[in-house]
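**Q** Quick one: sequence plus predicted model below, questions after.
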Amino acid sequence: MNYMEQLECLAGLVTAHKNVYVLTGAGISTDSGIPDFRSPGTGLWEKVDPIAVSSVDVLNNNPRLFYESGFSRFTKISFAEPNEGHRKLVRLEELGYLKGLVTQNIDGLHIKAGSKKVWEVHGHLRTGYCLGCKKKYPFEELVHQVELKRIPPVCHNCYSVLRPDVVLFGDPMPMFFFELQHKIQTECDFMLIVGSSLVVYPVADLPRLAGKIAIINLQPTDYDQKAEVVIRESISKVLSDLLDKLERP
Ligand SMILES: [Zn+2]
């Protein structure tokens, strides 16, 4: 299939199914300046050992190291802005084609762009909470204290360490993930995977539970054989072309 045929096929799949879900990964946010840590050569993770700095173990046992070595990455991500790819998925939802949007990304860009039915399965950087009394804080409070060299940032009530609302290495998945798995298994008849190489479990298991799937991703995935169509082009371009097709058939 050439690109126009792939696009035709994708538009056909979106319109032919009733319960369409999108699953996004790091690839959709690279146009927002957030490097995909799994793309060779550009990886955030290649300079620091992710397990060593962004894990629950380090947070609990050496919160100073957690905030000095891994936290600036979160701060940078929290300032990113949505790109054309995020905006086209908002449009897809507005047009009534989307049942839900599942994302592995912690950047919150789908919600910033205006998507409504979003499942942020690895958490987000809008808030944090106290490890002691569980009081919620805006993420800016953590950033603010770190900027003032109050490391680690602590709770105003009980002086316990604060942490971001993201799923770190060693954290369990959020409770709603099991509800999501069930929904995908029972109702999702088509899943469009955007910018994920499908290597992080248990999220990478979701396409197996879905009916038909299609993939927009620059790198090959283990699911390419199962997919109705695989498109290896810029995500912003493919989603723009897809929406053009859906809005002006
Ligand atoms: Zn507290």
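**A** Structure's in. What do you need?

**Q** Which strand or helix spans the closest residue to residue 78 other than its chain neighbours?
**A** Of all residues not flanking residue 78 in the chain, residue 125 sits nearest, at 4.2 Å (C-beta to C-beta, 6 or more residues apart in numbering). Just so you know, the C-beta spots here come from the backbone N, C-alpha and C atoms, and that holds for glycine as well. Residue 125 is part of strand 123-130, with elements assigned from DSSP states H and E.

**Q** Kindly report the same for residue 101.
**A** Residue 101 belongs to strand 100-103 when assigned by DSSP H and E.

**Q** List the buried residues of the helix or strand following that strand.
**A** Using DSSP H and E, the helix or strand that follows strand 100-103 in sequence is helix 109-113. Within helix 109-113, the residues that qualify as buried are 109-111, 113, counting by 16 or more other C-beta atoms under 10 Å.

**Q** coming back round to it: quick check: can you name the pairing partners of the strand holding residue 125 and their directions?
**A** Strand 123-130 has its sheet partners listed here by DSSP bridges as strand 136-138 (antiparallel), strand 162-166 (antiparallel).

**Q** That one and the ion in contact?
**A** Yes. Shown here: strand 123-130 in contact with the ion (C-beta under 5 Å from the ion) through residue 130.

**Q** The strands paired with strand 123-130 into TSV, with extra columns for distance to the ion, mean pLDDT and mean neighbour count?
**A** Below are the strands paired with strand 123-130 laid out as TSV (distance: least, C-beta to the ion, whole Å; pLDDT from 0 to 100; neighbours: other C-beta atoms under 10 Å):
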stretch	distance to the ion	mean pLDDT	mean neighbour count
strand 136-138	9	98	14
strand 162-166	8	97	21
